[in-house]
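Participant: this is the structure alone, sequence omitted:
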């Protein structure tokens, strides 16, 4: 980009394509990506080279690519690697927004790198990029009740009580992405991880 010395940031919302998954816990990353795109007045369009839907925009003074891979969650790595290559994004300038079983519903947590906690979308991305060193916005969905299988739980819609709060949680996750871009990880964590 001529005259632009600010690195492009890639914001990836994780989810599964198809209307049957639209309102499930596993698709909260898509919802956050759509919220950020709406804030910048962007409309997603197909990016064939990466098998993703993307919006190119600016958040503050930062050029950003907001993306939703078109693959299923457990194959997110291919599209994400394609985006990283095409837009010349360093993994450290990538933010992945995803559902997180190990965080209570209603909470948003930020981190750089670390394990995938059994999340197949993250595992696929880490494998395709050969690094775990990318930023994550972890949107809490909580643990499944009783003996329900985690995979079944994340593919179910949010409970009625959760749906009443979901809009606020999604806005907070979108705010967290913007804070990461503006302030960096430590300062964003200080603001988002309030007691």
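Facilitator: Okay, I see it. Here the structure is a predicted model, which means the values were calculated and not measured. Numbering: from 1, shown residues only.

Participant: helix or strand with the lowest mean pLDDT in this protein?
Facilitator: helix 150-154 (a mean of 93; mean pLDDT, DSSP states H and E).

Participant: buried stuff in it?
Facilitator: 153, 154 (16 or more other C-beta atoms under 10 Å). C-beta here means a position set from N, CA and C on the backbone, and glycine is covered the same way.

Participant: can you mark which positions in the next helix or strand along the chain from it are buried?
Facilitator: Downstream of helix 150-154, the first helix or strand assigned by DSSP states H and E is helix 160-183. Residues 166, 169-170, 172-181 are the ones in helix 160-183 that count as buried (16+ other C-beta under 10 Å).

Participant: for the residues you listed, give me TSV that also has distance to residue 62 and pLDDT.
Facilitator: Output for the buried residues of helix 160-183, formatted as TSV (distance: C-beta to C-beta, whole Å; pLDDT from 0 to 100):
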residue	distance to residue 62	pLDDT
166	27	96
169	24	97
170	21	98
172	20	97
173	18	98
174	15	98
175	15	97
176	15	98
177	11	97
178	9	96
179	12	96
180	10	96
181	5	95
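
Participant: what about the helices in the protein?
Facilitator: Secondary structure of the chain (DSSP state H): helices at 28-39, 77-86, 120-129, 150-154, 160-183, 185-192.

Participant: looking at these, which is nearest to residue 99?
Facilitator: Evaluated with C-beta to C-beta, those place helix 28-39 nearest to residue 99, the distance being 4.8 Å.

Participant: now that closest one: how far from the chain's centre is it?
Facilitator: Taking C-alpha atoms, centre = their mean, to the nearest Å, one finds helix 28-39 lying 9 Å from the centre of the chain it belongs to.
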